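Trainee: using only what follows, build the 3D model:
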Amino acid sequence: MPGHDTTGRTGLFLSLEGPEGAGKTTLIRRLEAALSADAYTVVRTREPGGDPVGERVRELLLHAGSGDGDVAAEPLSAEAELLLFAAARAQNVRTVIRPALEAGHVVLCDRFTDSTLAYQGYGRGLSLETIRTVNAFATGGLFPDHTFLLDLPPALGLARRPEAERNRLDREDLAFHERVRAGFLAVAREEPGRVTVLDASRAADAVASDLLTRVRALLLAGRG
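Mentor: Below you'll find the predicted structure:
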C-alpha cells in the first residue's frame, strides 16, 4: 500500500481481522503453533494490547461505561475511542512489532489498523481520512505485509459468543456490527493485493487449514 514502511525489516507481518466471533484468537494461536513447528520464530500480539501499556488501555476500551471491572464509569466518545486505540497501537508497534520484524521473525497480530477503519470509521461514522492519518502516525508508516479477513454474518458471529463474555463493543446493536462488516469488506475491495477474505462461517478446522496453506505460500514465496 502507499506509504508502506519496510525500513530495516526482514520479517513478515501478518494481521487477522474480522467481525466479532470470527474466531481470530483461536486461529492465530493455531497458526502460531503450526509455524513454530515449521521452525519459524513467531511473535503473537493483539490489539488493543500486546504489551503492558496496551493491556491497560485494552481494559478501558473494552469495559469503560459498562460497569465491568475497575474502569471509568462514563462511556467513551467516538473520538476518545479512536485515540486510545491509536495510543495502544503506537506502543505495540514500537515495543513489540517493529523489533520482532527487524529480528526477522514472523509477527501475527490479532487486529490492526483495518479494525479502526471498520469500527470507528464505518461503525461510529468518524472520518476515514482522519483515521488513516491517525493510523499512519501511530504506526510510523508500518502496515501489515498481508491481512486475512475472517468474514461472516455478524448475527452468526455474535451468537457464538456467550452473553457473559461480551465486552462493550460486542454489546452494540446489530446495525453497528453490520456497518463494521461492510467496512472490512470495503477495505478488502480497495486493497485486494494485501487483503485475503476467508469464509469464517465454515468449520474451524477448515478455516485453519485454509489459513495455514495461504500463510505457508507467502513464506515460501520469500516474503518472510
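Trainee: so after the helix ranked longest in the chain, what's the next helix or strand?
Mentor: Counting residues, the longest helix found in the chain (DSSP state H) is helix 174-190. Moving toward the C-terminus from helix 174-190, the next helix or strand (DSSP states H and E) is strand 195-199.
Trainee: and that next one, which residues are buried?
Mentor: Across strand 195-199, burial judged by 16 or more other CB atoms under 10 Å covers 195, 196, 197, 198. All C-beta atoms are positioned from the backbone trio N, CA, C, and that covers glycine.
Trainee: for this structure, what are the low-confidence residue spans?
Mentor: Along the chain, segments meeting pLDDT under 70 span 1-9, 65-74, 222-224.
Trainee: for it, which segments are assigned as strands?
Mentor: 12-17, 42-46, 106-110, 146-151, 195-199 (DSSP state E).
Trainee: got a list of contacts for the fourth one?
Mentor: In this structure, residues lying in contact with strand 146-151 by CB atoms under 8 Å, 6 or more residues apart in numbering are 12, 14-19, 22-24, 27, 112, 114, 181, 184-185, 187-188, 194-200, 207, 211, 214-215, 218, 223.
Trainee: same thing but 7 Å
Mentor: Defining contact as CB atoms under 7 Å, 6 or more residues apart in numbering, one finds that strand 146-151 is touched by 14-18, 22-24, 27, 114, 184-185, 188, 194-200, 211, 218.
Trainee: quick one, helices of the protein?
Mentor: Along the chain, counting by DSSP H, helices occupy 24-37, 52-63, 78-92, 98-102, 113-116, 128-139, 154-159, 174-190, 204-218.
Trainee: relative to residue 168, which of the ones you listed is closest?
Mentor: Closest to residue 168 of the helices of the chain, according to CB to CB: helix 52-63, at 5.6 Å.
Trainee: and the closest one with strand 42-46, angle?
Mentor: With axes from the mean of the first three to the mean of the last three CA atoms, to 10 degrees as the basis, helix 52-63 and strand 42-46 are set at 40 degrees to each other.
Trainee: restrict helix 52-63 to CA atoms and write it as PDB.
Mentor: C-alpha atoms of helix 52-63 as PDB (Å, rounded to 0.1, in the frame of the first residue of the first chain):
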ATOM      1  CA  PRO A  52       1.800  -3.800  29.400                       C
ATOM      2  CA  VAL A  53       0.700  -0.300  28.400                       C
ATOM      3  CA  GLY A  54      -1.600  -1.600  25.700                       C
ATOM      4  CA  GLU A  55      -3.200  -4.200  28.000                       C
ATOM      5  CA  ARG A  56      -4.100  -1.400  30.500                       C
ATOM      6  CA  VAL A  57      -5.600   0.600  27.600                       C
ATOM      7  CA  ARG A  58      -7.500  -2.500  26.500                       C
ATOM      8  CA  GLU A  59      -9.300  -2.700  29.800                       C
ATOM      9  CA  LEU A  60     -10.500   0.800  29.400                       C
ATOM     10  CA  LEU A  61     -11.500   0.400  25.700                       C
ATOM     11  CA  LEU A  62     -13.500  -2.800  26.200                       C
ATOM     12  CA  HIS A  63     -15.200  -2.100  29.500                       C
END
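Trainee: hmm, who's touching that helix?
Mentor: Contacting residues not belonging to helix 52-63 are listed as 48-49, 69, 71-72, 81, 84-85, 87-88, 91-92, 167-169 [CB under 7 Å, 6+ apart].
Trainee: can you flag the buried ones in the residues you listed?
Mentor: Buried by 16+ other CB under 10 Å: 48, 49, 71, 81, 84, 85, 87, 88, 91, 92, 168, 169, out of the contacts of helix 52-63.
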